[in-house]
Each structure stands twice: as structure tokens, then as C-alpha cells.
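Asks: Task: produce atomic coordinates for the following.
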Amino acid sequence: MSPTTDPETWQRTSPLAALFFIGKIFSKLAKNFTQAIAPLAAFFVAFPGDAQTKVLLAVTGFVVFTLATSLLRYWFFRFTITDDAILIRDGVFNKKQLDIKFRRIQGINTEQNLVFRWFGLVTMSFDTAGSAGSEGELPAVETTFSDALRAKIGRAKKDAPAADVPHDVSQAPPLLRLDWRDMVRIGLADRRAFLFLAIVAPFFEQASQEFGQAIADAIEDKAAEVAALGTTIAATVLGAAVVTIVAMLVIGSIIAAFLRYHDFALYLEDGRLRSVGGLFTRHEAAMETGKVQVARVSQGLVLRWTERVRIVLKQASSKQQKGGKNFTIPAAMPGFQQDFLGEVFAPEAAGLDLDFESADFERVDVRFLRPRILYAGILPAVALASVTSINVGPSGLLLLLWIPAWSFVQWRLWRRLAYAMTGEAFVRRKGFLATNLDVFLLRKVQRVTLLQSPYQRRKDLATITFFLASGRIRLPYIPLERAETIRDYVLYKVESSTKSWH
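Replies: As a prediction, this is how the structure comes out:
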């Protein structure tokens, strides 16, 4: 039965929604990997039989459980659309009902995987004020229904003049479009592949006893042959293996970039940002510019070498969940952030220079370096070098090399730590190898605090912290008088503004 907007009838979505619920199961397992692997490990230890039988039973049980759960979730999933809300009933045993008022919806995101695309279906998700992620989702609904519901919500909120027409990303020219070369840049700059290797490494260390013994036997049989190759050749083989693993991770990261951001396009229409992209699964994300709390512009080593920047817009989140409500532009030409954020924060960001090396930036006080170098550099290095030298001799003095290395790191951090402010906006710069700019409007600050350590008190310095709905931004070692001036001015802008902070 095709979904309609009949408020009197509770409806099901397409049976293909079962695929959506299967994906939710896998996503939950990925987020709770440690908890999920514990019962599996207990099963392998307690259940009698060989490894092949255990694997077969575990895979069969998992497939049956996944299919049964997803089909039941689909069968008990119901929704209806009223004049001012979306009502969703979900759950097999633990049932719940969501009442999502149109006026609370801040963003409507859609996804369309390859199967859904063949059948003209999409999954809609709704971001609302105060939630850390999507509050509700409608899986596997028809695209015509999606367009009609989006238009209905737009009319109800009275902030979408074009809401009477179906949603069509081709009606406005994009602000930004990425090609295949940008996919390569995004993949090279993504560190998640290496984090994945670090996460799964312990799992492989805990492989079954039979598999581990087989590896040990193979190594023992070939040990003499490897030793005969000589130290140089053995080192070459080891280096080649490391390079191969790294290359595979990089290639995998590039493939992931193609899957997520292929044909990426960015649009700005009537105060609403939208992005679309994806190879097999088409992702559409939306965010109202008025809801943006902080914009982060970042440029790591790879992005700097490839002349690109990354922009993440952060929205309010009651749980302060990292990545909970972010709108991401994975790659853009340097300088794009100036015009783009000028549009997002218009007209209040006028006059704010967002170049990484802008002369408008003012560094924090150089005395930022002294306690860091003294207490985390000189004192521990001298103490460890003294103790080690007594036990192992003069070679223990090599630990003193920690002092110049640590001092360089802190000097680099100080060089990048700076700020700039106009009458309406503020930007903080920080970083070591990567450089980040955090931009926000003064009127969106919820609280400002000044703190002084004993050392800062003696030197008339202070740490100023801005609290926003998406998190906090901290700036240490500001001259006290300057910090008090900034605090008082920000509080004045907050109190005098007639615009909403969210």
C-alpha cells in the first residue's frame, strides 16, 4: 500500500523497509563492537566442536536473527501524517510512539540506496530541536510521498516559499560540486581507515586457538628459510608488507569517499542548505542556516598539499554528542569558506577575514609556553634522565632530547592559537599539523566564563570560555583586561539581540 497523507489511517511503508532495519542492526553492532563480540567469544569457548562447525552455527544464527528481527520491525512499524505532525509507532516488544511536530523539524534528510532507487523509494529522517541526532525516520517511502510531505512541512513552518513544488535539487545552481579528483583527496585525508585497523587489531589477536597454532606452525617451518635471506632482505620483506597494508587502507578510504560523496553537490535555497551525494546510496542532508551554531574550517596536511579545506557546520545538541548534528562539506577550494560562511552567517559575518594566515588574528600571550614547557617538558625529562643515567649510564641522557621536541610542539601550538573578532562574530584559530578555524556569532553565545590559574593571576592573564548550544570554545592566556572587555561585549550582544540563537 502506497503511503498517503490520510490522518485517519495508520500505514505501513514498503516491505523493502526490512532492508533499512537490517542496516540499523549492523550499524548498532558496529557502534557496540566490544559488547557484541563478548557473547560470540563465549560461544566459541563454551560450545563443543571444531572451529568450522562453530563458525557455521554462529553465521546461521546471526542471519536468522537479523532477518527475523528486521521483518518483525517492519511489520509493527506504523505511521500517519496529521495536519501539524508526523506520528510514528515502532517496536516489537518495547513499543514507542513518536509525535514529531512540524514546527520542531529543523532538517529533513533523505537516503536512497541502490535497491530503493530501482523502486523509487527513499528513507526520510527528521532532525528536531534538542535532539542529538535524527528523532524519527520513515524508511522506504515513495519519492512522490517524500516530496509532498516536505512541501507540507514547509508550508506549515511558513519559511519555504517554494514549498508548493516538489523537491528538486536541479532547480537551483549548486554552490559547489565535487568531481572524482576530490574523491581521491577526501580519501587521502580520511584517517578512519587507520583507526579501523587499530580497532580490529585486538580481535585478530584473539583468534581461535586452532588458527593461531596453524600460523605458529607455518612460521616455525619457514623460520630457517627467512633467516637465510639475511637481515637486509628480511627487513625489505617486512617493509613491503607494511607498505602493502597502508596502501590497501588508503585505497579502501578512497573507495569509501566515492561511495559516500560521489557527485556531491551543495545548494543554498531560501536560507536552507542541502547537500546530495553518494554512489550506490544517495544521501541528502539539510540544515537551516539560522540553526548553525559553530562553523569549523579545517585544513590538515593532505588537504593543504591538495589545496582544499573541509567545512563542518555544527547545530545545537542537548547531549553535546560529537557529530550528532553536523553538516559536512568534505572538500572545497581555499577561499570558498569566506563567501560561503558570509552567506550562512549573513549579514553578521561581514568584515570577518577567514583566511588561515589573516593579519587580523591576534595570538594569545607568549607566556602560554612557560608552564607547558616547564611542567610537561623540562622537569619530567630531567628527572627521568637523572634516574636512568644512574642505572644505564650516560645513554640515559638521551631522554633530555624530549625537552627540545616538546618545546617545538608547544611553540607550534602557540603560533597557531589566535583569535579575531568583529562587531558580530568571533573566530578562533588553533592546531599543530592541521589548522582549524571555529567561527560563531556573538549573539549565539549562551554563557561566558573567565578563569585564572595562580600563574595567570600573577601575570594578569585569563582563560575565556564561550559556551554555545553545540559545545564550548576555549581561549587561554588572554590579557585580563582584554578578556573582560570581550566578555562584557559578548554579553551585551546577547542581551541586546532580538534574533533567536537557535
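
Asks: Please tell me how far the closest residue to Leu87 other than its chain neighbours sits from Leu98.
Replies: Spatial nearest neighbour of Leu87, excluding adjacent residues (C-beta to C-beta, 6 or more residues apart in numbering): Thr80 at 5.1 Å. No exception for glycine: its C-beta is placed from N, CA and C like everyone else's. Separation of Thr80 from Leu98 (C-beta to C-beta, to the nearest Å) stands at 11 Å.

Asks: okay, and the common contacts of those two?
Replies: 86-87 (C-beta atoms under 8 Å, 6 or more residues apart in numbering).

Asks: Tell me which stretches of the stretch 101-250 of the chain form helices.
Replies: 114-119, 143-157, 180-189, 192-205, 209-228, 231-261 (DSSP state H, counting those that start in this stretch).

Asks: which helices and strands does the first one pack with?
Replies: Contact analysis of helix 114-119 by 3 or more C-beta pairs under 8 Å, 6 or more residues apart in numbering; DSSP states H and E lists no helix or strand as a packing neighbour.

Asks: change it to 10 Å
Replies: Here helix 114-119 touches helix 17-31, strand 105-112, strand 121-128, strand 134-142, helix 143-157, strand 282-288, going by 3 or more C-beta pairs under 10 Å, 6 or more residues apart in numbering; DSSP states H and E.

Asks: now the shortest one against strand 121-128, angle please.
Replies: When you say that, I think you mean strand 282-288. Here strand 282-288 runs at an angle of 20 degrees relative to strand 121-128 (axes from the mean of the first three to the mean of the last three C-alpha atoms, to 10 degrees).

Asks: same thing with the second one?
Replies: For strand 105-112 and strand 121-128, the angle between their directions (the same axes, to 10 degrees) works out to 160 degrees.

Asks: tell me the mean pLDDT for strand 105-112?
Replies: If you average the pLDDT over strand 105-112, you get 82.

Asks: CA atoms only for it - export them in PDB, please.
Replies: C-alpha atoms of strand 105-112 as PDB (Å, rounded to 0.1, in the frame of the first residue of the first chain):
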ATOM      1  CA  ILE A 105      11.600  20.000  12.500                       C
ATOM      2  CA  GLN A 106      14.900  21.700  11.700                       C
ATOM      3  CA  GLY A 107      16.100  19.500   8.900                       C
ATOM      4  CA  ILE A 108      14.800  16.800   6.600                       C
ATOM      5  CA  ASN A 109      17.500  14.300   5.400                       C
ATOM      6  CA  THR A 110      16.900  11.500   2.800                       C
ATOM      7  CA  GLU A 111      18.900   8.400   1.800                       C
ATOM      8  CA  GLN A 112      18.300   6.300  -1.200                       C
END
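
Asks: Now do that strand and strand 134-142, the angle between them.
Replies: Using the same axes, to 10 degrees: strand 105-112 against strand 134-142 is 40 degrees.

Asks: where exactly do the strands run in the stretch 401-502 of the chain?
Replies: 418-421, 425-431, 435-441, 447-451, 461-468, 471-479 (DSSP state E, counting those that start in this stretch).

Asks: Mind checking those for the one nearest to Arg73?
Replies: Proximity to Arg73 (C-beta to C-beta) singles out strand 471-479 among the strands of the stretch 401-502 of the chain, at 33.4 Å.

Asks: In the sheet, which strands lie alongside that closest one, parallel or antiparallel?
Replies: Strand 471-479 pairs in its sheet with strand 461-468 (antiparallel), by DSSP bridges.

Asks: circling back: take the helices and strands packed on helix 114-119 and lay them out in JSON lines including mean neighbour count.
Replies: Listed next are the helices and strands packed on helix 114-119 as JSON lines, based on neighbours: other C-beta atoms under 10 Å:
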{"stretch": "helix 17-31", "mean neighbour count": "16"}
{"stretch": "strand 105-112", "mean neighbour count": "22"}
{"stretch": "strand 121-128", "mean neighbour count": "22"}
{"stretch": "strand 134-142", "mean neighbour count": "21"}
{"stretch": "helix 143-157", "mean neighbour count": "18"}
{"stretch": "strand 282-288", "mean neighbour count": "20"}
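
Asks: will you turn the ones you listed into CSV that also has distance to Ile486?
Replies: Compiled in CSV, the helices and strands packed on helix 114-119 are given as follows (distance: least, C-beta to C-beta, whole Å):
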stretch, distance to Ile486
helix 17-31, 39
strand 105-112, 30
strand 121-128, 32
strand 134-142, 36
helix 143-157, 35
strand 282-288, 28
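
Asks: Go through the ones you listed and name the closest to Gly423.
Replies: Of those, the one closest to Gly423 (C-beta to C-beta) turns out to be strand 282-288, at 23.8 Å.

Asks: Against which helices or strands is the next helix or strand after the closest one packed?
Replies: Counting by DSSP states H and E, the next helix or strand C-terminal to strand 282-288 is strand 292-299. With contacts defined as 3+ C-beta pairs under 10 Å, 6+ apart, the packing partners of strand 292-299 are strand 309-315, strand 326-332, helix 336-344, strand 425-431, strand 435-441, strand 461-468, strand 471-479.

Asks: what angle sits between strand 292-299 and strand 471-479?
Replies: Going by the same axes, to 10 degrees, strand 292-299 makes 70 degrees with strand 471-479.

Asks: Report the strands that pair with strand 292-299, each with its relative direction.
Replies: Per DSSP bridges, strand 292-299 is paired in its sheet with strand 309-315 (antiparallel), strand 435-441 (antiparallel).

Asks: now the ones you listed as TSV including mean neighbour count and mean pLDDT?
Replies: Output for these, formatted as TSV (neighbours: other C-beta atoms under 10 Å; pLDDT from 0 to 100):
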stretch	mean neighbour count	mean pLDDT
strand 309-315	22	94
strand 435-441	22	96
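
Asks: Could you point out which of those sits nearest Leu451?
Replies: Proximity to Leu451 (C-beta to C-beta) singles out strand 435-441 among the strands paired with strand 292-299, at 18.9 Å.

Asks: rewinding a little: can you put the helices and strands packed on strand 292-299 in CSV and add distance to Arg177?
Replies: Formatted as CSV, the helices and strands packed on strand 292-299 follow (distance: least, C-beta to C-beta, whole Å):
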stretch, distance to Arg177
strand 309-315, 15
strand 326-332, 10
helix 336-344, 12
strand 425-431, 27
strand 435-441, 23
strand 461-468, 31
strand 471-479, 30
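
Asks: between the ones you listed, which gets nearest to Trp118?
Replies: Trp118 lies closest to strand 326-332 among the helices and strands packed on strand 292-299, at 26.9 Å (C-beta to C-beta).

Asks: Buried residues in the closest one, which are they?
Replies: Using 16 or more other C-beta atoms under 10 Å as the burial criterion, the residues of strand 326-332 that qualify are 326-327, 329-332.

Asks: Surely the residue nearest to Leu87 is within a strand?
Replies: Yes: assessed by DSSP: H, G, I helix; E, B strand; the rest coil, Thr80 belongs to a strand.

Asks: ok, it to Thr498 distance?
Replies: For Thr80 relative to Thr498 (C-beta to C-beta), the value is 38 Å.

Asks: the more surrounded of these two?
Replies: Thr80 (18 against 5; other C-beta atoms under 10 Å).

Asks: I'd say Val294 and Ser470 touch.
Replies: Yes: if you go by C-beta atoms under 10 Å, Val294 and Ser470 touch, sitting 5.2 Å apart.

Asks: Overlap in contacts, these two.
Replies: 313-316, 326, 440, 444 (C-beta atoms under 10 Å, 6 or more residues apart in numbering).

Asks: which of these lies closest to Leu16?
Replies: Asn326 (28.3 Å).
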